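Enquirer: My questions concern the predicted model and sequence given below.
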Amino acid sequence: MSTNPSVYAILLLFNDFIVSQCLIYFPFLAAPQEIDKSELIDPVDILTPLEKSGFWEGVKATM
């Protein structure tokens, strides 16, 4: 590593740029956030309408 302060400052700026770009394209790399449990969907709420509509019979027929 160079001891020149300006080179060090440029490297820090470049590193910050790379990190910010990574977080734009790979947001899962950011610190984990709290999950609001009220936003979670109960699997029964998804599966019940599918079952009532006969969806699974069509799936079984294609197997």
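Expert: Great, that's in hand. Numbers count the residues shown, from 1 in each chain.

Enquirer: Centroid-nearest residue for this protein?
Expert: Nearest residue to the geometric centre of the chain (Cα atoms, centre = their mean): residue 28, 4.2 Å.

Enquirer: Distance check, that one against residue 35.
Expert: To residue 35, residue 28 is 14 Å away according to Cβ to Cβ, to the nearest Å. Backbone N, C-alpha and C define where each C-beta goes, glycine included.

Enquirer: got it, and residue 16?
Expert: Taken as Cβ to Cβ, the span from residue 16 to residue 35 is 28 Å.

Enquirer: just checking, what packs against the helix or strand of the chain with the lowest mean pLDDT?
Expert: When each helix and strand of the chain is scored by mean pLDDT, DSSP states H and E, helix 5-25 comes last, with a mean of 74. Contact partners of helix 5-25 among helices and strands, from 3 or more Cβ pairs under 8 Å, 6 or more residues apart in numbering; DSSP states H and E: none.

Enquirer: starting at the chain centroid, how far to that helix?
Expert: 22 Å (Cα atoms, centre = their mean, to the nearest Å).

Enquirer: Give the next helix or strand downstream of it.
Expert: Downstream of helix 5-25, the first helix or strand assigned by DSSP states H and E is helix 43-53.

Enquirer: ok, now which ones touch residue 61?
Expert: Counting by Cβ atoms under 8 Å, 6 or more residues apart in numbering, residue 61 touches no other residue.

Enquirer: Name the helix or strand for it, please.
Expert: Per DSSP H and E, residue 61 falls inside helix 55-62.

Enquirer: Now that helix - C-alpha only, PDB.
Expert: The C-alpha coordinates for helix 55-62 follow below in PDB (Å, rounded to 0.1, in the frame of the first residue of the first chain):
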ATOM      1  CA  PHE A  55     -55.600 -26.600  -9.800                       C
ATOM      2  CA  TRP A  56     -53.900 -29.600  -8.200                       C
ATOM      3  CA  GLU A  57     -56.000 -32.000 -10.300                       C
ATOM      4  CA  GLY A  58     -54.600 -30.300 -13.400                       C
ATOM      5  CA  VAL A  59     -51.100 -30.600 -12.000                       C
ATOM      6  CA  LYS A  60     -51.600 -34.300 -11.200                       C
ATOM      7  CA  ALA A  61     -52.900 -34.900 -14.700                       C
ATOM      8  CA  THR A  62     -49.800 -33.500 -16.300                       C
END
